[in-house]
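**Student:** Give the three-dimensional model of this entry:
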Amino acid sequence: MTTVDDRTSATREWLRIFDRRPAATRRLICFPHAGGTAAAFRPLALAAPPDVEVAAVQYPGRQDRLGAEMPVGIAALADQIVEAIGPGIRRDTALFGHSMGAMVAFEVARRLRPRFPAPLARLIVSACKAPSDVVARKPLLDDEGIREFVRDLGGTGAVVLENEDVWHLLLPTLRADLRSIRSYEYQQGPPLGCPIVAVAGSRDESATVEDMRRWRAHTVSGFLARSMPGGHFYLNDLPQELIELLTQA
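**Tutor:** The predicted model follows:
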C-alpha cells in the first residue's frame, strides 16, 4: 500500500480501515455526515474492488473516540485531520465526503494543496451545497429542533429517534456537529487543482442536483455532477452505480 502511510499513531487515531488490502494501489478516504461515524463506510470498504482500499475518518466524540473533544468548527476539524493524515497522503488518494463530511473533505483538500506537492486524485462530495453557497451564523437548533432536523433528513438517524436511550447518547455529538456546520464561513481562496465529482440524491431537497453543480466553481480541473436514486442518505443502500463511481473516480 503506497497511497497513505498509516503507521503513525496520529494517523491510526483518525483513520479506520475495515478491510486492509496491502496490495491496493489506490485509497479512498471517507468523511462521515453530522453525528455519523467511520463505521458508516464499512459496507463500501467491503464492496470496493481489490485494488482500492477504503479508509474512513473517525471524528472525535464518538464510538472508540468518545472521550476525545470535538474541535469547534469545520476549519479546526480540518486542521487536525490534515496534521494527522496529511503527511502520508500520496498521489493515488481520493477524498469522499457525505453531507457535513463533504465540507470537511473540501477544507482538508484545500489545506493539502499548499502544504504537500503531491495532489489528490479527486475530491468527491455528496449531499452538501457548495461551500460558497453556505449561509453562516444560522440560529442554533434546540434539542427538539435537532430532532425534527434528523427526522426530515431520514435515513438511519431517523430510526435512532425511536430509541430514547440511544437518541440521548447521540444528541451531544450531533449538537456539536450541527454547531460546526451552522457556524461555517467560507473563506475565499484559489480553487482546487484536482477534479471534483458532486453527487446528489434524486429526492434530496437539502442539496439538489442543481445545488451540487455549483461545486464546479471550486476546481480548475475536471468536474462531474451525478444523481443517485434516493433521498439525503441514498448511499445507505450502496447501489452498484455508486460503488463504481467512487472507485473508478
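
**Student:** ok but P43 is inside a helix, no?
**Tutor:** Yes - using DSSP: H, G, I helix; E, B strand; the rest coil, the assignment for P43 is a helix.

**Student:** Next, count neighbours for the closest residue to it other than its chain neighbours.
**Tutor:** Leaving aside its sequence neighbours, P43 sits nearest to L238 (CB to CB, 6 or more residues apart in numbering; 5.2 Å). C-beta here means a position set from N, CA and C on the backbone, and glycine is covered the same way. Neighbours of L238 under the rule other CB atoms under 10 Å: 15.

**Student:** per-residue confidence for L238?
**Tutor:** pLDDT for L238: 86.

**Student:** In contact with it, which residues?
**Tutor:** By CB atoms under 8 Å, 6 or more residues apart in numbering, the residues touching L238 are 43-44, 47.

**Student:** switch to 10 Å and redo it
**Tutor:** Residues counted as contacts of L238 (CB atoms under 10 Å, 6 or more residues apart in numbering) are 41, 43-44, 46-47, 246.

**Student:** In PyMOL, select just the buried ones from those.
**Tutor:** Entered in PyMOL, the line below selects the buried ones among these, by 16 or more other CB atoms under 10 Å:
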select buried, resi 41+43+44+47+246
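
**Student:** Now the element after the worst-scoring helix or strand of the chain on mean pLDDT, going C-ward?
**Tutor:** Sorting the helices and strands of the chain by mean pLDDT, DSSP states H and E puts helix 155-160 at the bottom, at a mean of 62. For helix 155-160, the following helix or strand on the C-terminal side (DSSP states H and E) is helix 164-182.

**Student:** mind listing the strands for this protein?
**Tutor:** Here the chain has its strands, by DSSP state E, at 15-17, 26-31, 52-57, 93-98, 122-126, 196-201, 223-228.

**Student:** In terms of secondary structure, what does the shortest one contact?
**Tutor:** Here strand 15-17 touches strand 26-31, helix 42-47, strand 52-57, helix 74-85, going by 3 or more CB pairs under 10 Å, 6 or more residues apart in numbering; DSSP states H and E.

**Student:** Would you give the sheet partners of that strand, along with the direction of each?
**Tutor:** strand 52-57 (antiparallel) (DSSP bridges).

**Student:** between the partner strand and helix 74-85, how many degrees?
**Tutor:** 130 degrees (axes from the mean of the first three to the mean of the last three CA atoms, to 10 degrees).

**Student:** Just the mean pLDDT for strand 52-57, thanks.
**Tutor:** For strand 52-57, the per-residue pLDDT averages 96.

**Student:** Can I get that strand in PDB? Just the C-alpha atoms.
**Tutor:** Written as PDB, here are the backbone C-alpha positions of strand 52-57 (Å, rounded to 0.1, in the frame of the first residue of the first chain):
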ATOM      1  CA  VAL A  52      -8.900   0.100  -3.800                       C
ATOM      2  CA  GLU A  53      -8.600   0.300   0.000                       C
ATOM      3  CA  VAL A  54     -11.200   2.300   1.800                       C
ATOM      4  CA  ALA A  55     -10.400   4.300   4.900                       C
ATOM      5  CA  ALA A  56     -12.800   6.300   7.000                       C
ATOM      6  CA  VAL A  57     -12.100   9.300   9.300                       C
END
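
**Student:** possible to save the strands of the chain as CSV with mean neighbour count?
**Tutor:** Supplementary listing: these in CSV, determined by neighbours: other CB atoms under 10 Å:
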stretch, mean neighbour count
strand 15-17, 20
strand 26-31, 26
strand 52-57, 24
strand 93-98, 26
strand 122-126, 27
strand 196-201, 25
strand 223-228, 17
